[in-house]
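**Q** kindly return the folded structure for what I paste below:
(chains A, B and C)
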Amino acid sequence: MHNNHHDSYDLGFWRKYIFATDHKIIGLQYGITALFFLLVGFSLMMLMRWQLAYPGEPIPVVGQFWIPFSKAIDWIRINIFHIAGSNFAEETLPGGVMLPEFYNQLGAMHGTIMVFMGIVPLAVGAFGNYVVPLQIGAADMAFPKINMASYWSFLIGGVIMLLSFLAPGGAASSGWTSYTPLADIAPTGQTLWIIGMIFLITSSLLGAVNFITTIFQLRAKGLTFMKLPFFVWAQLVTAFLLLLAFPPLEAAGVLQLMDRIAGTSFFLPSGLVVSGKPLEVSGGGNTLLWQHLFWFLAHPEVYVLILPAMGIVAEVIANNTRKPLWGYKSMVYSLLVLGFLSFIVWAHHMFLTGMGTAISTFFQATTMIISIPSVIILTALFLSLWGSSIRFNTPMLFALAFLPMFGIGGLTGLPLGLSTPDIHLHDTYYVIGHFHYIVAPGTIFALFAGIYYWFPKVTGRKMNEILGQIHFWPSLICMNGVFMPMMIQGLAGVSRRLYDGGAQYAHAQGYLHLNEFMSISAWILALAQIPFIINLFWSMFAGRKVENDNPWGSTTLEWATPTPPSHGNFVHEPIVYRGPYEYSVPNATKDFTPQNQEAIT
Amino acid sequence: MSEHVHDIQREIRGYIIVGVSLLALTIVTVTVSYLHLNLTGAIIVALFVATVKGSLVACYFMHLISEKKLIYIILIFTVFFFAGMMSLTLFSSHNNIRGTQMLHSTSQTTGRVHH
Amino acid sequence: MSLTVPYLIEERPDTGVFNAKMGIWLFLASEVMLFGALFSTYVLLRVGSIEWPMGSTILSVPIGAFNTVVLITSSVTMVFAWVSLKLKQFDKFKLYLGLTILLALTFLVVKAFEYGAKFSHGMFPKTSTYLAIYFTLTGLHALHVIGGIIVNSYFWGPGGHLWQTKPEQFTNRIEIAGLYWHFVDLVWIFLFPVLYLL
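**A** Residues are numbered from 1 along each chain as shown, chains lettered A, B, ... in the order given. This next block holds a predicted model:
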């Protein structure tokens, strides 16, 4: 192995921080950008929740600020994008009252932004990029320049997505799922959605190639696969999911683009009538084809959303119980089985599209089977707590809360995965409750745990514990306040994607009062994030400095670097002698024995 | 990476043989198409010849025949998922609840309604 | 003093590959899924149609066959470009790689001619689902051909300077570029019979 002269490692500001190739800088770029997009996606939902709680009423405060904001948008549309006329305020919130068309845009973009521009870039792009090379004892990712390309592709895609709100007719409004034929005939914003997705998908594909190669090729000496931290295993399987599941959606995006721009009929059946007029297209298309190709990606995508989170929770739990993970091997095998099965369950999202009993039974069966590895992983994490002396710091609080919250999310998935009860529950609020439990108090809590946990390695300072508690408790309570009532509404048959929250439907009347309750919970949830934001920025400069490079007393390799790690990460080539979670080893004086420590001391 | 020139000559001969085989198989597949077999027969022959040609390119030009196990495993899973994607999607279209079958249509209509 | 990324040139003992070899195969796996989705689209649309034209009634088989021969030959020249580097014959490398690029450009010119002929007869992607999938499949393939031309041209030109300082790394890069190019050929080997002969 040859070493370069890193004394002269000074590339200047642009190459070091903007067009960076160092995985740690790229990880931080991803992290900051993704957190910003998460805030945007969250804000869209805050707006929607007003309309749901008080349909048809003008939005206070925001409503006033919307006028000058809209005038700015009008100016940009007319002068920069040369769009003929623009009255953004009238097209979205005339008199402060949300138009149904705008509600639909907010809904579609909330989903898109949270999934593709928020969670995945944060879980994989930020945490993966920063931590994986450190945890395997590598100097960087295998392909640093491709890593840089991956970030910039993500940023460009994200910007295009946000700019799509300025398109005539507004942003995409056919759901984050962009079902055809509606999406085929939707306004320009949908085309920008497709183009944005192509950039985002490219970013993920480049990243996936990088992660897999890095984990296979750059493990330190002695770091065999069954000694890898569970977080690295989770990122490896996630990368395979991204690599093989995203291309069909990219293909579908190209086909939808052709339908919209070149007038093809990939997804347009013959005889389609729009607003009383037959469409002048060749027809002959298959509209369910879009759903197959979309869900072929989107089902593995949900495992992309959860696996890195499980990885983070595993790290934090092992560290704060001072015990090895229970059932590490079972957890790893479960990951592999989960990853494999996730490719053959997708049509459980399509039970109501007219599929016959044979194919429905197939997908129902695979869907039921895939719950087994999930349960194994969750059970192992629960069992890891048994008999341990738990340190209840902020990362551990979030990691602990993940367990029952993901449990609820997972269990509520079972009636959805069975085709018969799904007849009643499909496209209701029950589905929204189910997946939000997994992603919101599930994945996002795990990501918070990761931020609080790895913050000291990145900055050399700890985040404030009191602000952490103030962040945690209201967040946990409000998450349940927002999403549990959705289960009730869904069981009552209240449909999703209704701009008035079901107000016009007789069967929903007895459950409408829950909308106000959920909205208030959501707004308090928003307030509960303020201590986190303050904590994050304040601690960067004034947080308590850590005593050493390994303030949590962890066994994994990322803590064996200087704080923060410099370019090249490790001063000496790390050699691994033991497994990832050797806590409380008998006859050891310390309650942790790092992976790169040869003898027990 | 020291290879004897002799080995490389054998490799070169191998590449030429593969190249000639590919061209020959192209002639075969085009000729067969002029025989105007029924559709099923035509599909079987055309895909069989294409698979042989593709295998030659993959095994010899892309060195898959002497590639490492890890690469094979990745490719086998890929092929499996591709097969699953195609076959399950097709089967879904064919296994319908009675009465909900999608209207079939020609590929060359222009706004005309069928059935 | 700190570490750098290893296995740029030499193979890692337990996996048996150098980094870029693994990277390109992973990328090609994703491309199999990409073109696979489009082939699945083709099959689904055709099976679901009442009538579907025989390819030979719409496309010119001789022209398609010619293009097939062009691409196959370019694969041969590509592998010989790599072999030349293994034999340390840089001039031969430039010759073979140059031929590969020329053949690739020939393919594109022929394709452009085919497209133009269709357009001038009023046959566009929107005219029928057959034409839609034909243009999309061959269009995406052509974009990949263009990508290959760009990469190969870079190595034929400024990228070739690496031969002076790191000949083994450069040889590996040509092997990787070759793998990509052979894949582009492989996709066409299936595209040609499916679209032109069936």
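
**Q** what parts of the stretch 351-500 of chain A come near chain B?
**A** Within the stretch 351-500 of chain A, the residues that sit near chain B (C-beta under 8 Å from any C-beta of the partner chain) are A:354, A:355, A:356, A:357, A:358, A:359, A:362, A:363. Using the backbone N, CA and C atoms, a C-beta is placed for each residue, glycine as well.

**Q** list the contacts of the nearest residue to residue C:75 once chain neighbours are set aside.
**A** Distance criterion C-beta to C-beta, 6 or more residues apart in numbering or on different chains; nearest residue to residue C:75, sequence neighbours excluded, is residue C:185 at 4.4 Å. Residues near residue C:185 by C-beta atoms under 8 Å, 6 or more residues apart in numbering or on different chains: B:57, B:61, C:71, C:72, C:74, C:75.

**Q** mind giving me the packing neighbours of the biggest helix by length in chain B?
**A** The longest helix of chain B (DSSP state H) is helix B:5-34. The contact analysis (3 or more C-beta pairs under 8 Å, 6 or more residues apart in numbering or on different chains; DSSP states H and E) places helix B:5-34 against helix B:39-56, helix C:61-86.

**Q** can I get the ones you listed in JSON lines including mean pLDDT?
**A** JSON lines is the format used below for the helices and strands packed on helix B:5-34 (pLDDT from 0 to 100):
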{"stretch": "helix B:39-56", "mean pLDDT": "96"}
{"stretch": "helix C:61-86", "mean pLDDT": "97"}
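
**Q** one step back: and the residues of the stretch 351-500 of chain A next to chain B, which are buried?
**A** A:354, A:355, A:356, A:359, A:362, A:363 (16 or more other C-beta atoms under 10 Å in any protein chain shown).

**Q** any idea which of the residues you listed is closest to residue A:231?
**A** residue A:363 (30.5 Å; C-beta to C-beta).

**Q** quick check: the closest one touching residue A:347?
**A** Yes - between residue A:363 and residue A:347 there is a contact under C-beta atoms under 8 Å: 4.4 Å.

**Q** need the residues touching each of these two.
**A** Common neighbours of residue A:363 and residue A:347 (C-beta under 8 Å, 6+ apart) are A:355, B:88.

**Q** domain-wise, how is chain B divided?
**A** Listed domain ranges for chain B are B:1-62, B:68-93 (source: automatic domain parsing).

**Q** go through those domains and pick out the most buried.
**A** Each of those was scored by mean neighbour count; the highest is domain B:68-93, a mean of 17, by mean count of other C-beta atoms under 10 Å in any protein chain shown.

**Q** hang on, the earlier thing: out of the domains of chain B, which gets nearest to residue A:88?
**A** Once those are compared by C-beta to C-beta, domain B:68-93 is nearest, at 40.7 Å.

**Q** average model confidence for that closest one?
**A** Domain B:68-93 shows a mean pLDDT of 96.

**Q** what about it, near chain C?
**A** Yes - using C-beta under 8 Å from any C-beta, domain B:68-93 reaches chain C at B:68-71, B:74-75, B:78-79, B:81-82, B:85-86, B:89-90, B:93.

**Q** rewinding a little: between helix C:61-86 and the longest helix of chain B, find me the angle.
**A** In terms of direction (axes from the mean of the first three to the mean of the last three C-alpha atoms, to 10 degrees), helix B:5-34 departs from helix C:61-86 by 170 degrees.

**Q** so the longest helix seen in chain C, near chain B or not?
**A** Counting by DSSP H, the longest helix found in chain C is helix C:90-120. No - against chain B, helix C:90-120 shows no contacts by C-beta under 8 Å from any C-beta, the least distance being 11.2 Å.

**Q** can you pull the buried residues of that helix?
**A** Neighbour counts using 16+ other C-beta under 10 Å place C:93-94, C:96-97, C:99-101, C:103-107, C:110-111, C:114-115, C:118 of helix C:90-120 among the buried residues.

**Q** in stretch C:82-91, what's buried?
**A** C:82, C:83, C:84, C:85, C:86.

**Q** again, but for stretch A:263-274
**A** For stretch A:263-274, by 16+ other C-beta under 10 Å, it's A:263, A:264, A:265, A:266, A:267, A:268, A:269, A:270, A:271, A:272.

**Q** ok, stretch A:334-345 next?
**A** In stretch A:334-345, counting by 16+ other C-beta under 10 Å, buried: A:334, A:335, A:337, A:338, A:339, A:340, A:341, A:342, A:343, A:344, A:345.

**Q** repeat for stretch A:507-523
**A** A:508, A:511, A:512, A:514, A:515, A:518, A:519, A:521, A:522, A:523.

**Q** so what's the gap between it and the chain middle?
**A** 26 Å (C-alpha atoms, centre = their mean, to the nearest Å).

**Q** go on, stretch A:549-561?
**A** 26 Å.

**Q** okay, now the unreliable bits of chain C?
**A** C:1-2 (pLDDT under 70).

**Q** pull the contacting residues for the residue most central in space within it.
**A** Per C-alpha atoms, centre = their mean, the C-alpha nearest to the average position across chain C is that of residue C:184, at 2.1 Å. By C-beta under 8 Å, 6+ apart, residue C:184 lies in contact with C:71, C:141, C:144, C:145, C:148.

**Q** check residue C:117 too.
**A** No contacts exist for residue C:117 under C-beta under 8 Å, 6+ apart.

**Q** same question, residue C:159
**A** Applying C-beta under 8 Å, 6+ apart to residue C:159 gives the contacts C:170, C:173.

**Q** rerun that using 7 Å as the cut-off
**A** Applying C-beta atoms under 7 Å, 6 or more residues apart in numbering or on different chains to residue C:159 gives no contacts.

**Q** for it, helix, strand, or coil?
**A** Following DSSP: H, G, I helix; E, B strand; the rest coil, the label given to residue C:159 is helix.

**Q** secondary structure element for residue B:75?
**A** helix B:69-94 (DSSP states H and E).

**Q** no, scratch that, I was asking about residue A:296
**A** Going by DSSP H and E, residue A:296 is part of helix A:287-321.

**Q** got the residues of chain C near chain A?
**A** Counting by C-beta under 7 Å from any C-beta of the partner chain, the residues of chain C close to chain A are C:1-7, C:12, C:15, C:19, C:22-23, C:26-27, C:29-30, C:33-34, C:37-38, C:41, C:44-45, C:48-49, C:125-129, C:132, C:136, C:140.

**Q** I'm done for today, thanks for sticking with me.
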